[in-house]
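*Asks:* 3D, please:
(one chain, ligands or ions: 1)
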Amino acid sequence: MNNVYQYSTLSALMQGLCEGGKTASQILSRGDHGLGTVPGMNGEVIIIDGEAYHYSSEKTRKLGDSDLFSFAMSTQFRPAWETFVPTVTFDSLSHRLFDFLPSKQNCFLSIRLDGFFNSITFRLIAAQDKAYETPLELIKRQRLSSYTRVRGTMFGFYSPTFASAFSAAGYHLHFISNDRTLGGHVTEFDASLTTISVSVVNEYNVELPQSAEFNEFPIQPPKEADVATVMTKF
Ligand SMILES: [Zn+2]
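*Replies:* Sure thing, here's the model as predicted:
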């Protein structure tokens, strides 16, 4: 347990490399919780309780076994720690995780929040219109939505700073409503009566794409400011 499996890298995504990928059944065999995106970077995927849901500006769907992920992080989530808090926001999340941050700041954390969201804002990145279109371009067409009074779950990861060429440093959380109709990449939230569950990850496995696209040119680490813009934070 306490293992994160990742397919592809943030560096590749930031260069717009996101064709093809691994099937949902392959990704789900490596974890029952996680997040990711699809070929063409069309929207956001959350994996929750062994099921993957894809949200894009055109549609919401549960991924089938043969649907592809172009990027994914997944884990068999068995939280070692759980707490119930009256309130939590993105700004206060680190404070709520004081058992782990900073004492585990150089590890990955898997984080799940189940609660009542007084407000939540999440985005759906736009699909590529052409190959190699980068997230910096795609976020100009992203859909940012805010909702109030929604019950749901957020799942994602805290990644350490040194891993920033592979995964966005800090928090990366995706949301899904209890009725599964809403979901996306979280940029802000204010929740009440929330259970926070965490596991510390001490094993991080990365599988690299084998496509011609992936090896076409030397992929550089992304610039911190560009990643912050794409993650729309903070
Ligand atoms: Zn995301």
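*Asks:* State the phi and psi torsions of Asn215.
*Replies:* Here is the backbone geometry of Asn215 (degrees, to the nearest 10): phi -100, psi 10.
*Asks:* Report how many residues lie close to it.
*Replies:* Counted with other C-beta atoms under 10 Å, residues neighbouring Asn215 total 12. (C-beta placed from N, C-alpha, C; glycine too.)
*Asks:* what's the answer for the one 5 residues further on, then?
*Replies:* Taking other C-beta under 10 Å as the neighbour definition, Gln220 ends up with a count of 10.
*Asks:* Next one: it from Leu13, what distance?
*Replies:* Distance, Gln220 to Leu13, using C-beta to C-beta, to the nearest Å: 13 Å.
*Asks:* Now do the longest helix anywhere in the chain: distance to the chain's middle.
*Replies:* For the chain, the helix with the greatest residue count under DSSP state H is helix 224-231. Mean-position distance between helix 224-231 and its chain equals 14 Å (C-alpha atoms, centre = their mean, to the nearest Å).
*Asks:* cool, stretch 52-65 as well?
*Replies:* On C-alpha atoms, centre = their mean, the centre of stretch 52-65 falls 14 Å from that of its chain.
*Asks:* so what strands line up beside whichever strand in the chain runs longest?
*Replies:* Counting by DSSP state E, the longest strand found in the chain is strand 183-201. In its sheet, strand 183-201 lies beside strand 81-89 (antiparallel), strand 108-124 (antiparallel), strand 170-177 (antiparallel), with partners assigned from DSSP bridges.
*Asks:* how much does that strand deviate in direction from helix 224-231?
*Replies:* Relative orientation of strand 183-201 versus helix 224-231 (axes from the mean of the first three to the mean of the last three C-alpha atoms, to 10 degrees): 120 degrees.
*Asks:* Now do the buried residues in strand 183-201.
*Replies:* 183-191, 194, 196-201 (16 or more other C-beta atoms under 10 Å).
*Asks:* Kindly report the same for stretch 155-163.
*Replies:* By 16+ other C-beta under 10 Å, the buried positions in stretch 155-163 come out as 155-160, 163.
*Asks:* Contacts for that stretch next, please.
*Replies:* For stretch 155-163, contacts defined as C-beta atoms under 8 Å, 6 or more residues apart in numbering pick out 4, 33-35, 46-48, 73, 77, 97, 100-101, 105-113, 166-174, 176, 186, 201, 204.
*Asks:* Swap in 6 Å and give it another go.
*Replies:* With C-beta atoms under 6 Å, 6 or more residues apart in numbering as the test, stretch 155-163 has contacts from 33, 35, 48, 73, 106, 108-110, 112, 167, 169, 171-174.
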